[in-house]
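> Here is the input, now give the coordinates:
(one chain, ligands or ions: 2)
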Amino acid sequence: MIEVTVRVPAKVNLQLAVGPLRDDGFHDLVNVFHAVSLFDELTASEPAASAETLTVRVEGESAGSVPTGEDNLASKAARALAARAGASRGADLLIRKAIPVAGGMAGGSADAAAALVACNELWGLGLPLENLMEIGADIGSDVPFALLGGTAVGRGKGELLTPVETGGTFHWVFALADGGLSTPKVYGECDRLREAAGEEAAWPIASEPLMAALHEGDAKALGLALVNDLQPAALALRPSLGRTLDAGRDAGALGAIVSGSGPTCAFLAGSGTHAAEVALALTGAGVCRSVVTASGPVPGAVVAG
Ligand SMILES: C[C@@](CO)(OP(=O)(O)O)[C@H](O)COP(=O)(O)OP(=O)(O)OC[C@H]1O[C@@H](n2ccc(N)nc2=O)[C@H](O)[C@@H]1O
Ligand SMILES: Nc1ncnc2c1ncn2[C@@H]1O[C@H](COP(=O)(O)OP(=O)(O)O)[C@@H](O)[C@H]1O
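Numbers count the residues shown, from 1 in each chain. Ligands and ions are numbered 1, 2, ... in the order given. This is a model prediction of the structure:
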């Protein structure tokens, strides 16, 4: 095998219930992940330099804000995989980025997942998905889901996954923002807001109306059930997102929510045509950098060639 290309989706969180802060610095979650048709692509090739070097190149509009050294999550994942295989292996990784960077859509985790799948194939390791998910969980809480895809409930840090059957396809509009939001800062702001309000974090529980809406493929009910405990924190750090959410609601979206730690905002539509209408209205309202439409659920990281 000389090169392997993997396509990997972004996610939106349909429910993000943030529980208490744990001793390890993470929060216990109920994180209902949903993979959507906005993809990064990663190609892993045999290294042009020595057999043990790992290089990363990033292409795409937002490539400038992605690290290309050892901090790149794809590079970290490839090194962790090589260590697990007990061998010193190299690869040239090329990432074609379409998922917004630091946008709350898990683009870095997606690239880590893509690197695990691509290098597993390139190096002929043959590790099963569950082993890749274990390695991925140490790279980032969202990496196991990027491997699995579809719709799933994540517990623990978000890495303990239970797949959810959905009764149909859902249509989405995403308002991409200028600049990103740091995930640890948003969790920190969530803790700060709770403390200031004298609130104790409740143990997170999956929403029954949300689960019923997913099973039935009922977009209207799903729109009403979307919930994100990080949204007040994201809005406190980036107040302009309030206008973006309002513009989507005014445009007739069935639901409007900050995606994960933000600043991307997600809007649920009733059909592909409805999504195009909401996207047009959002573009006209001038409340974001750009607008994309997508649908979900879609599969996780898969070899595309
Ligand atoms: C918020 C979510 C929602 O899916 O994703 P994004 O919206 O940022 O993509 C996730 O919980 C982010 O997952 P991920 O981006 O993989 O985070 P990690 O690298 O594991 O952790 C980064 C930091 O976020 C905080 N963190 C993360 C997960 C968790 N359950 N509790 C936390 O408090 C911790 O401060 C941690 O040091
Ligand atoms: N392959 C990668 N793609 C995007 N960001 C990366 C990558 N590797 C490391 N990062 C770093 O991770 C941070 C969070 O990225 P990302 O996963 O896109 O955001 P989020 O956690 O909001 O979904 C970025 O600010 C960037 O510095």
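> how about the residue of the stretch 201-305 of the chain found nearest ligand 1, phi and psi?
Nearest residue of the stretch 201-305 of the chain to ligand 1: Gly260, at 2.0 Å (C-beta to the nearest ligand atom). C-beta here means a position set from N, CA and C on the backbone, and glycine is covered the same way. Main-chain dihedrals, Gly260, degrees, to the nearest 10: phi 50, psi -130.
> isn't it right up against Ala102?
No - using C-beta atoms under 8 Å, Gly260 is not in contact with Ala102; the gap is 10.6 Å.
> got the residues of the stretch 1-150 of the chain near ligand 2?
66-67, 71-74, 95, 101-109, 111 (C-beta under 6 Å from any ligand atom).
> 8 Å instead, please
Selection of the stretch 1-150 of the chain residues close to ligand 2 by C-beta under 8 Å from any ligand atom yields 40, 56, 58, 65-67, 71-76, 95, 97, 99-112, 140, 142.
> Would you mind giving me the ChimeraX syntax to select the buried ones in those residues?
Buried residues within those, by 16 or more other C-beta atoms under 10 Å, are selected in ChimeraX with:
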select :40,56,58,66,72,73,74,75,76,95,97,99,100,101,102,103,104,105,106,107,108,109,110,111,112,140,142
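> Take the residues of the stretch 1-150 of the chain next to ligand 2 and keep only those in strands.
When those are checked against strands (DSSP state E), the matches are Asp40, Val56, Val58, Ile95.
> which residue ranges form the helices in the stretch 51-200 of the chain?
Taking DSSP state H, counting those that start in this stretch, the helices of the stretch 51-200 of the chain run over residues 73-84, 107-122, 129-139, 143-148, 183-196.
> rewinding a little: leaving out the residues flanking it, which one is nearest to the residue of the stretch 201-305 of the chain closest to ligand 1?
Closest residue in space to Gly260, ignoring its immediate chain neighbours: Gly104 at 3.6 Å, by C-beta to C-beta, 6 or more residues apart in numbering.
> can I assume the one you found is in contact with Leu181?
Yes - the pair Gly104 / Leu181 is scored as a contact, 6.8 Å apart, by C-beta under 8 Å.
> Centroid-nearest residue for the chain?
For the chain, the residue nearest the mean C-alpha position is Ala106 (2.8 Å; C-alpha atoms, centre = their mean).
> my read: that one touches Gly149, true?
No - look at Ala106 against Gly149 with C-beta under 8 Å: they stay out of range, at 11.5 Å.
> Would you mind naming what in the stretch 1-150 of the chain lies close to ligand 1?
Going by C-beta under 8 Å from any ligand atom, the residues of the stretch 1-150 of the chain near ligand 1 are 11, 13, 16, 18, 21-22, 25-29, 31, 33, 102-109, 139-143, 145.
> Contacts only, for the residue of the stretch 151-300 of the chain found nearest ligand 2.
Closest to ligand 2 within the stretch 151-300 of the chain is Thr183: 4.5 Å, counting by C-beta to the nearest ligand atom. Each residue near Thr183 by C-beta atoms under 8 Å, 6 or more residues apart in numbering is listed here: Ala102, Gly104, Gly260, Ser261.
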